[in-house]
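A.B. asks: sequence plus the predicted model coming up.
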Amino acid sequence: MEGKASFSHDDWIDTADRVAKELSVITGSGNYNPEMFLDLIQESLAPVDQFFANYACAIMEIETKFKVLNEQFSLKYDGNPIESIHSRVKDYDSIIRKVIRKNIPRSLEAIEEQINDVAGVRVVCSFVEDIYRLADCLLQQDDIVLIRRKDYIQNPKPTGYRSLHLIVAVPIFLENEKKMVKVEVQLRTIAMDFWASLEHKLRYKKNMSPEMLEMLSKELTDCAEISASLDSRMQNVRHLLSGSDVTED
Ligand code: 0O2
């Protein structure tokens, strides 16, 4: 999960100095003021900084909700349902690539409106049933708005990809404003996560022969079935250990 690229204050001063000099030549004014130009750049970037800060805040809200649920579940059931939580704000480059690919207007408003996964939270559980319990509990909360639900556990992708995806909007409270911000939540088991990270590597692998690519894709599709069966058997073992009913494969 990548973060935002950093650009130091010195870099800004250098850039401002260079651009201001060039502008003074272009406009023929012959004088330039890098400090004023720097202020201008920082002023223009303020909405972009706020844009990324909003998503970082929304991630904190969602993470906290899952951490609270994890504590609550551990009192009611045996052990903590959540193994790990990984979050990221999509980086600039990936957002721009998506904007171009989906032909989205180049404005922050359009990106907020049309890109659902600028903020992403991935929740990894041991058991499938905990995924659904956690998702239901999150969606019951009265400040959460469900925008879209895609169940790739019930309906895996042709590749074999399985996960429960929720696009939700969560309120964040800023200095003088309440704002609803979208977050993509992916809930998976450890087995699903293991599979997805390996398959993700294959998708970005370059210089591979088509034969090898096909062979590995088939192998991964087989592995996805084995991993689904493992999830189901592990859940049944858990049920047997706790004395409740087993579920069918
Ligand atoms: P990354 O690098 O993980 O962020 P949308 O994103 O809403 O425009 P779509 O098709 O509606 O597009 O989204 P989908 O398929 O519900 O979810 C997209 C995300 O799910 C991907 O994000 C992956 O994280 C994950 N995903 C979906 N299908 C697969 C798959 O077959 N294999 C793996 N490994 N992951 C998958 P990104 O942006 O593609 O990538």
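C.D. replies: The structure has been received and is ready for your questions.

A.B. asks: tell me the residues of the protein that contact the ligand?
C.D. replies: In this structure, the chain approaches the ligand at residues Asn116, Asp117, Lys150, Lys157, Thr159, Tyr161, His165, Ala196, Glu199, His200, judged by Cβ under 6 Å from any ligand atom. (Each C-beta comes from the backbone N, C-alpha and C, glycine too.)

A.B. asks: what about the residues you listed, which one has the most neighbours?
C.D. replies: Most neighbours among these, by other Cβ atoms under 10 Å: Ala196, with 22 neighbours.

A.B. asks: what helix or strand is the closest residue to Ala191 other than its chain neighbours on?
C.D. replies: Setting aside the residues directly before and after it, Ala191 is nearest to Ser227 in space (Cβ to Cβ, 6 or more residues apart in numbering), at 4.2 Å. Mapping Ser227 onto the secondary structure by DSSP states H and E places it in helix 210-242.

A.B. asks: and stretch 55-62, average pLDDT?
C.D. replies: The predicted model assigns stretch 55-62 a mean pLDDT of 98.

A.B. asks: buried residues, the longest strand anywhere in the chain. List them.
C.D. replies: Under DSSP state E, the strand in the chain containing the largest number of residues is strand 178-189. Neighbour-count burial for strand 178-189, counted by 16 or more other Cβ atoms under 10 Å, picks out Met180, Val181, Lys182, Val183, Glu184, Val185, Gln186, Leu187, Arg188, Thr189.

A.B. asks: that older thread, tilt between the helix holding Ser227 and strand 178-189?
C.D. replies: 90 degrees (axes from the mean of the first three to the mean of the last three Cα atoms, to 10 degrees).

A.B. asks: distance between helix 210-242 and the chain's centre?
C.D. replies: Taking the mean of its C-alpha atoms, helix 210-242 sits 24 Å from the chain's own mean (Cα atoms, centre = their mean, to the nearest Å).
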